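J.: What shape does this take:
(one chain, ligands or ions: 1)
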Amino acid sequence: MARKKKRTKIARRNKKPAPIRKKAKVLKKKPSAKRVLKKKSRPASAPPRVSQVVRQPVQPSTPITSYDVVLHNFDIAAAKLQLDEELKRLIKTPDRELRVELPIIMDNGKLNTFIGYRVQHNNARGPNKGGIRYHPEVSLDEVRALASLMTWKTAVVDLPFGGAKGGIAVDPRQFSMGELERLTRVFTQKIDCIIGPSEDIPAPDVNTNAQVMSWMMDQYSRRHGHTPAVVTGKPVELGGSVGREEATGRGVCIVLRETAKTNKIDLKKTSVAIQGFGNVGAHTARILEEELGAKVVAVSDFKGGVYNPRGIHYRDAVQNILETGSVVGLKGAAKISNNELLELKCDVLIPAALGGQLHGRNADRVKAKLIVEAANGPTTFEADEIFAAKKIPVVPDILANAGGVTVSYFEWAQNLQQFRWDYPRVVAELEKVMTRSYAEVIKAAERYNVTMRIGAYILALDRVAKATKLRGI
Ligand code: NAD
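T.: A predicted model of the protein is given here:
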């Protein structure tokens with residue numbers, strides 16, 4: 001028991017640095033939202049309201065796997081493109097799948113073994129590219145889906161990359177920094193044979209960050225010589241690009257701004273709910289508030305969410321995380337669940353956490369007028385059909401969150417050239433890529449009379465199919 005307590009203490013002391021590191025100033029507190037959400041008291045004997053009966057807890061996952069969703073979208077786009085059957089079969093499934101066993105000695109001296117994966121989906125347009133995720137729900141199926149999404153994403157924004165993804169089935173929140181480093185180094189050793197600057201370039205994803213990328217770069221460099229271009233999302237001190245940390249959030253905001261223009265939405269009068277307040281969610285919230293003037297009314301993390309119809313300031317939310325480890329408990333905001341956040345009355349919903357959050361059992365209750373997918377694979381095809389019927393536009397993940405891989409591309413290019421770009425150049429180049437890609441997706445969607453998601457898949461499949469044919473099989 002004493003030992004367990006000590007370990008928990010060490011883990012707390014050594015825990016992974018929060019993605020947002022700068023200590024933020026607490027802004028003036030705003031009026032409480034509790035009043036707005038507070039229900040009038042009813043006698044205990046009163047029958048339940050209809051809303052209470054209908055609002056059963058929503059299951060967090062669905063029997064449809066994330067890979068099923070990607071394949072479904074692929075098939076629709078391939079049919080629209082009338083893609084040759086053999087070519088279709090070739091580019092649909094992953095090129096290579098690696099499963100590795102990862103033994104590490106824990107701080108208590110015991111040996112523990114974890115399972116990791118690296119899946120390379122397609123490299124017809126360039127080296128494989130994709131993040132590394134540490135999460136208990138990581139599975140081969142999920143990594144396959146995410147690798148495949150990366151192929152389509154890099155093609156949508158026309159980067160010279162293919163698609164890959166990796167992950168370890170682990171809850172890193174239970175780990176000390178030492179344990180996390182040992183796990184990362186063993187994983188890097190085990191996938192060393194298939195990664196490299198012209199082979200496959202990992203990057204951060206859920207529960208991994210610049211520190212994890214530093215260890216990966218260092219481990220790879222021990223065998224191959226100093227090789228910063230083997231991973232992206234590194235700290236600037238080790239060859240990372242300025243602007244990489246915020247890049248996915250900035251990209252989300254650029255496509256939201258373009259969508260708002262197309263749909264004549266005034267962002268200054270727009271309320272936004274964001275699920276997930278990690279790297280992507282937090283930077284999205286900051287840029288929306290500070291640069292676009294939108295009102296973020298709800299944010300959440302793995303512990304739950306908070307809601308204030310008068311607006312939640314990014315800096316207050318960050319301060320709360322620094323003090324308590326979560327957005328939950330933010331003063332002046334009412335506590336809500338992650339499921340309630342998805343169903344809030346707001347103009348824009350931004351899922352920025354895990355996949356499969358919007359599905360057949362909750363899509364009907366979504367009240368937002370626009371959904372922008374900052375997370376990978378947050379919407380199942382059942383939910384997509386419901387949103388299409390309700391005329392709720394969905395800006396798909398493979399466009400909306402492509403800002404991260406775009407600045408990863410800038411980082412990789414800077415590493416190869418041993419040259420540094422400044423922040424204004426990174427932001428300007430990102431703007432160019434995201435606005436051009438947005439316009440191309442809209443054009444494809446209009447030409448084929450399909451949703452933005454299928455339009456984006458059509459654009460991507462066409463590019464990958466052409467590259468594959470040109471290279472020869
Ligand atoms: P992160 O680990 O920095 O943050 C994840 C956030 O989601 C945290 O706030 C966490 O508490 C929260 N969360 C975890 N489980 C949750 C749950 N069940 N319900 C609600 N919230 C939960 O990860 P990130 O890098 O911000 O990635 C978020 C999403 O964006 C993922 O889907 C990832 O694949 C995608 N994405 C990330 C990048 C990138 O550059 N980091 C690029 C493209 C896409």
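
J.: Which pLDDT value belongs to the residue in the chain that the ligand sits nearest to?
T.: Here the chain gets closest to the ligand at one residue, G278, 1.7 Å apart by C-beta to the nearest ligand atom. Yep, even glycine has a C-beta here, placed from its N, CA and C like the rest. For G278, the model assigns a pLDDT of 96.

J.: What is the neighbour count of it?
T.: 21 (other C-beta atoms under 10 Å).

J.: what residues are up against it?
T.: Counting by C-beta atoms under 8 Å, 6 or more residues apart in numbering, G278 touches 19, 206, 301, 352-353.

J.: What residues sit buried inside stretch 293-301?
T.: Within stretch 293-301, the residues scored as buried using 16 or more other C-beta atoms under 10 Å are 294-301.

J.: Doesn't H121 belong to a strand?
T.: Yes - per DSSP: H, G, I helix; E, B strand; the rest coil, H121 lies within a strand segment.

J.: I458 versus that one, what's the distance?
T.: Relative to I458, H121 is positioned 18 Å away (C-beta to C-beta, to the nearest Å).

J.: Check E199 too.
T.: 28 Å.

J.: Same drill for the two, tell me which one is more crowded.
T.: Counted by other C-beta under 10 Å, E199 and I458 do not tie: I458 has more neighbours, with 24 against 14.

J.: so what secondary structure elements neighbour the host helix or strand of the more buried one?
T.: Per DSSP states H and E, I458 falls inside helix 452-471. Helix 452-471 makes packing contacts with helix 66-81, helix 85-92, helix 140-156, strand 394-395, helix 397-400, helix 423-448 when contacts are defined by 3 or more C-beta pairs under 8 Å, 6 or more residues apart in numbering; DSSP states H and E.

J.: avg pLDDT for the fourth one?
T.: This points to strand 394-395. Strand 394-395 shows a mean pLDDT of 98.

J.: quick one: K335 is in a strand?
T.: Yes - under three-state DSSP, K335 falls within a strand.

J.: that older thread, quickly compare the helices and strands packed on helix 452-471 and say which is most buried.
T.: Counting by mean count of other C-beta atoms under 10 Å, helix 397-400 has the highest mean neighbour count of the helices and strands packed on helix 452-471, with a mean of 31.

J.: which helices and strands does that helix pack with?
T.: Where contact means 3+ C-beta pairs under 8 Å, 6+ apart, helix 397-400 is packed against helix 140-156, helix 247-262, helix 423-448, helix 452-471.

J.: Dump those to JSON lines, plus distance to E179 and mean pLDDT.
T.: Below are these laid out as JSON lines (distance: least, C-beta to C-beta, whole Å; pLDDT from 0 to 100):
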{"stretch": "helix 140-156", "distance to E179": "22", "mean pLDDT": "98"}
{"stretch": "helix 247-262", "distance to E179": "27", "mean pLDDT": "98"}
{"stretch": "helix 423-448", "distance to E179": "34", "mean pLDDT": "98"}
{"stretch": "helix 452-471", "distance to E179": "38", "mean pLDDT": "97"}
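
J.: quick one: which of those helices is nearest L102?
T.: helix 140-156 (14.4 Å; C-beta to C-beta).

J.: quick one: the closest one to chain centroid distance?
T.: Remark: helix 140-156 is offset 12 Å from the chain centroid, using C-alpha atoms, centre = their mean, to the nearest Å.

J.: go on, stretch 457-473?
T.: With C-alpha atoms, centre = their mean, you get 25 Å for stretch 457-473.

J.: buried sites along that stretch?
T.: Neighbour-count burial for stretch 457-473 flags 457-465, 467-468 (criterion: 16+ other C-beta under 10 Å).

J.: Format the residues you listed as TSV; extra columns: distance to I398.
T.: As requested, the buried residues of stretch 457-473 are exported to TSV (distance: C-beta to C-beta, whole Å):
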residue	distance to I398
Y457	7
I458	11
L459	9
A460	7
L461	11
D462	14
R463	12
V464	12
A465	16
A467	17
T468	18
